[in-house]
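Trainee: Show me the folded form of this:
(2 chains)
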There are 2 protein chains.
Amino acid sequence: VCQLSRWHPGVPSPSAREAASMYGTAVAVFLVIVVAALQGSAPAESPFPFHIPLDPEGTLELSWNVSYAQETVYFQLLVRELKAGVLFGMSDRGELENADLVVLWTDRDGAYFGDAWSDQKGQVHLDSQQDYQLLRAQRTPEGLCLLFKRPFGTCDPNDYLIEDGTVHLVYGLLEEPLQSLEAINTSGLRTGLQRVQLLKPSIPQPALPADTRTMEIRAPDVLIPGQQTTYWCYITELPDGFPQHHIVMYEPIVTEGNEALVHHMEVFQCAAEFESVPHFSGPCDSKMKPQRLNYCRHVLAAWALGAKAFYYPEEAGLAFGGPGSSRFLRLEVHYHNPLVIKGRRDSSGIRLYYTATLRRFDAGIMELGLVYTPVMAVPPQETAFVLTGYCTDKCTQLALPPSGIHIFASQLHTHLTGRKVVTVLARDGRETEVVNRDSHYSPHFQVLRASVCSALQGDVLITSCTYNTEDRRLATVGGFGILEEMCVNYVHYYPQTQLELCKSAVDPGFLQKYFHLVNRFNSEEVCTCPQASVPEQFASVPWNSFNREVLKALYGFAPISMHCNKSSAVRFQGEWDRQPLPEIVSRLEEPTPHCPASRAQSPTGPTVLSIGEGKG
Amino acid sequence: VCQLSRWHPGVPSPSAREAASMYGTAVAVFLVIVVAALQGSAPAESPFPFHIPLDPEGTLELSWNVSYAQETVYFQLLVRELKAGVLFGMSDRGELENADLVVLWTDRDGAYFGDAWSDQKGQVHLDSQQDYQLLRAQRTPEGLCLLFKRPFGTCDPNDYLIEDGTVHLVYGLLEEPLQSLEAINTSGLRTGLQRVQLLKPSIPQPALPADTRTMEIRAPDVLIPGQQTTYWCYITELPDGFPQHHIVMYEPIVTEGNEALVHHMEVFQCAAEFESVPHFSGPCDSKMKPQRLNYCRHVLAAWALGAKAFYYPEEAGLAFGGPGSSRFLRLEVHYHNPLVIKGRRDSSGIRLYYTATLRRFDAGIMELGLVYTPVMAVPPQETAFVLTGYCTDKCTQLALPPSGIHIFASQLHTHLTGRKVVTVLARDGRETEVVNRDSHYSPHFQVLRASVCSALQGDVLITSCTYNTEDRRLATVGGFGILEEMCVNYVHYYPQTQLELCKSAVDPGFLQKYFHLVNRFNSEEVCTCPQASVPEQFASVPWNSFNREVLKALYGFAPISMHCNKSSAVRFQGEWDRQPLPEIVSRLEEPTPHCPASRAQSPTGPTVLSIGEGKG
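Mentor: This next block holds a predicted model:
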């Protein structure tokens, strides 16, 4: 992409010239701008370790790198067939309205690059503060290559705050020259979105053992269906008598040309109780799919678009193979095919790196959050209703080893109405650390993310999910169904313990008090008879402001029923019903942008482009 | 102050030189800064129409002017006895922590002027964005005179947003030179606060009628008590047979030298039912005060520190004198004497301007907000609990004239725990206008503020008060007592109608449902027996999160009881109990700062001072 090897960080190109342009204001202040040389932490291996196609046709290709020292993202955007310009940016959930944009456009006389934003109607405006800074624009044989940077936070209220977690990248293509930027309305353009994890924790990659071997788990020669969304299921198996090994790394294998179609992939191990699982290769929702595939849910590896290889910490590996575990593996590939391309073949999958020299610790996976029960419910027509699940001090005291556990990765999970998920750790009543936070969570982008965090005996782990039920007519209750909800964080950690589930739900008796109260206050018919199920009771609540607020207050006050379990059915010994809610005396603050000290030096108008020919 | 006449706006003084100073960052950007000439709306009469002493000794004197076109305040600060520097700024409630500051300091070698802020420990930091801009520093015979400006909003999260309503100005005096700004902690300085209305609506002053006469209402030769707070009461009377007149303007008369002591003054008319009211001149809380003075509550004029003359609109005047009204007037003067100065004499008061040629409309005063009843209560330990009172469409439909009323002034009122007050007008379910908003309201600074707003038949007026009860152990209920609470907006309007009170409170039956619910949920003893009074019931509520949240939900949901009254005892005809809460489908947004487009041009470090000698 963009002839990467020719770009040398730290050496400003002589062809990079920018002219200051006074825009909109006429004040007696003169700015002379010299292009800032790239400085600070120079990229380690490759200047742009991450790349992703933005549109399904592959017209736009994005590479990026992150400087944590400068709190800045460096972007390289390759525009293969430039017509009159391009929009690129970020927005809350991938919409082109209220987006933070960078725009390259031409008015026939010249080409311009500017920091812009779109309002709630999609109308584009030039930003009064230019926080995207162009570093180079160059024609290359592949297309126009733009190099620019952007601080994580800008303190501009029209700007997006780049955080850990999901970022919804958006783009648009300009077909015709424009008199001005203000002539653009995103609703008239060819646009799209791509979800990505822009910031990756910079955790050093441990060296692989000398005896590392690899195994490719891929579904050979899949004919990608001509429909927008396909989850492909493929069953394969480990060799007979394959002894226990440790997975120490895995990476994606994406068939060339299908980079924009392969959205995410996961490898699961089947349940050990089945002697065998029938072979299968087909859509996961196919009627032909054998029932037993539903018991292949133990995660071995998870990858999503934009992610690179995942390394286990030096001291730990994920056990697979050997007696007591299933030989059968299920690969799931999510094909995202918005253009409904037909006839494309694919053999993508995941390459496991494993060793027979077992590492010191087995890695384990633990489920935090809410029990799958209808007592936890979200009223309809809510834009941001929060449900919270607890892993209490009593459970961690009992189930964690005295030296605690190291959490090194985390995967958040909800069903369709989930919009944000966060797990925080609290010690002695004080929130001390974020285990994983995604403020732009999408159920369509469930990535395993690296995390660094230790949990000790007596710590509390609090997982909160924010739901949007604006399109629902009835309450959404907790449960397994796709129209029911979940709030889960799969935490990857070592050393492995017996604790598989540490989740909570409101005490059912207090929920019945709530239904009584609703009855009394509203003099309406709420079915509180013992025959009615909880979903039926929720379905008959008249959702006025009082009943909504009191349900929130109930969830924030009533005692909880804990699942502190060895496996989904076996509890640790102890009293787990009607437990008090953990008391939190000090909360972590919401992330707020660091205002870059140098922002007063950014230009106030767009940059006039001088595009050099790439001469290597 | 500062030899005002010598200062010519629009003509930059040749002695005003500023050098750009790169501070803290080293980036390849060069700024050349030329002092911006004062431009835009030149002040009408006097360049600085408003002035106020900041400290009780009169060391610091502030004058200011406002440009609404530029959304900028121009400050002129006179420092009479400069030692090593001065801090000046604004904060939420007058504290020196979390304050937005401008600092003049010296390190012996030079003098510096910089935009700064103090953190929650009072530690001062230089602001990365310099939004206070020094325009001139000059020595004058009276002292050092600093001229600087500041936009209303800066978009800097460390900066204060200058809004309508109360502004808490803060100051501090530096005694010794400092190596750097960061060496300042406000806790070690002589500091103080002054409340002021910084932004005044620019409403044209109507000409006074030719036959205007004046009457001075002042308590002659008061010996100001040597204590921090005194409310002085003085009874005077109109001449016998004084016919009806219209007050068309009034202004403060503050005894020279006492400018820092006279905090606010009000003139009230006594109730008409008393033939006479005994003369009195003494503290309002004196045991010697005649009981009848409590019936002198009809406001004729209200002034507070920093306010200028108050003009009635051309078409209206406030009726006083004539048959059917009391001849007796009560003057109340609030002396604020933090240095406990003794032996100071004062004859301050208010000068009424009145005409015998009655204007077209009588002005009236209407009370909006909450009924004085204990059913509206605030739980203890709340930092920002909101109570809301309604003037419903049903009442305005019945009581307002078909052409509506013009509101031209408004005075907000709460007791000690009030922190914010706002009244908004809603038409057809949509909030359309703010009648008066004070986000930094103080019960110690109750000013009559000009306002421009029309209310029609069918409009709804919503008054919300925010309370802080962190220092209370029990619930604070509504009522007349100083430890009880009120939420009132006295709205001044014309033409006068019979509607004197348009206020609400929650339906008492629904409150009893709340006490039942509290009983049921908490299995604790809440006194709900019919003998218990509402304050007793509130006193026995265990204030856990559930009971707090449900009370909030109740107030936001339960029907209301309306007082739509001709006088405090006489209701308009109709059904006013168990009325539905007005439904509001669209709310006005909270005020947010306009980020000045030119902020990228502000310097990034402090300004080195070059102080010219005033040569006229």
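Trainee: Now look at whatever helix or strand A:His516 lives in and say if it contacts chain B.
Mentor: Counting by DSSP states H and E, the element that carries A:His516 is helix A:508-522. Yes: Helix A:508-522 lies within reach of chain B by CB under 8 Å from any CB of the partner chain, at A:Lys513, A:His516, A:Leu517, A:Arg520, A:Phe521. The way it works is simple: take the backbone N, C-alpha and C, and place the C-beta from them, glycine included.
Trainee: of the residues you listed, buried ones?
Mentor: Among the residues of helix A:508-522 next to chain B, those classed as buried by neighbour count (16 or more other CB atoms under 10 Å in any protein chain shown) are A:Leu517, A:Phe521.
Trainee: JSON lines for the residues of helix A:508-522 next to chain B, including pLDDT and distance to A:Ile235?
Mentor: As requested, the residues of helix A:508-522 next to chain B are arranged in JSON lines below (pLDDT from 0 to 100; distance: CB to CB, whole Å):
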{"residue": "A:Lys513", "pLDDT": "92", "distance to A:Ile235": "48"}
{"residue": "A:His516", "pLDDT": "89", "distance to A:Ile235": "50"}
{"residue": "A:Leu517", "pLDDT": "89", "distance to A:Ile235": "51"}
{"residue": "A:Arg520", "pLDDT": "83", "distance to A:Ile235": "55"}
{"residue": "A:Phe521", "pLDDT": "83", "distance to A:Ile235": "54"}
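Trainee: who's the spatially most central residue of chain A bridged to?
Mentor: Centroid check for chain A by CA atoms, centre = their mean gives A:Thr166 as the closest residue, at 3.6 Å. Beta-bridge partners of A:Thr166, counted by DSSP bridges, are A:Gln197.
Trainee: quick one: the strands in the stretch 151-300 of chain A?
Mentor: Applying DSSP state E, counting those that start in this stretch to the stretch 151-300 of chain A gives strands spanning A:166-174, A:190-197, A:213-218, A:222-223, A:229-237, A:245-253, A:262-269, A:281-283, A:298-304.
Trainee: Apart from its chain neighbours, what residue comes closest to A:Glu583?
Mentor: Excluding the flanking residues, the one nearest A:Glu583 by CB to CB, 6 or more residues apart in numbering or on different chains is A:Gly429, at 5.6 Å.
Trainee: Identify the residues contacting the one you found.
Mentor: Counting by CB atoms under 8 Å, 6 or more residues apart in numbering or on different chains, A:Gly429 touches A:Pro582, A:Glu583, A:Ile584, A:Val585, A:Ser586.
Trainee: Pick the one among these closest to chain B.
Mentor: The closest of the contacts of A:Gly429 to chain B turns out to be A:Glu583 (CB to the nearest CB; 10.5 Å).
Trainee: before we move on, which element is that closest one in?
Mentor: Assigned by DSSP H and E, A:Glu583 belongs to neither a helix nor a strand.
Trainee: just A:Trp576 next, same as before
Mentor: For A:Trp576, there is no helix or strand it lies in under DSSP H and E.
Trainee: nearest spatial neighbour of it, skipping sequence neighbours?
Mentor: Closest to A:Trp576 by CB to CB, 6+ apart is A:Met562, at 4.1 Å.
Trainee: so which strand or helix has the one you found?
Mentor: strand A:560-567.
Trainee: Quick check: A:Thr154 touching A:Tyr132?
Mentor: No: at 9.3 Å, A:Thr154 does not count as touching A:Tyr132 under the criterion of CB atoms under 8 Å.
Trainee: Good, we can wrap up now.
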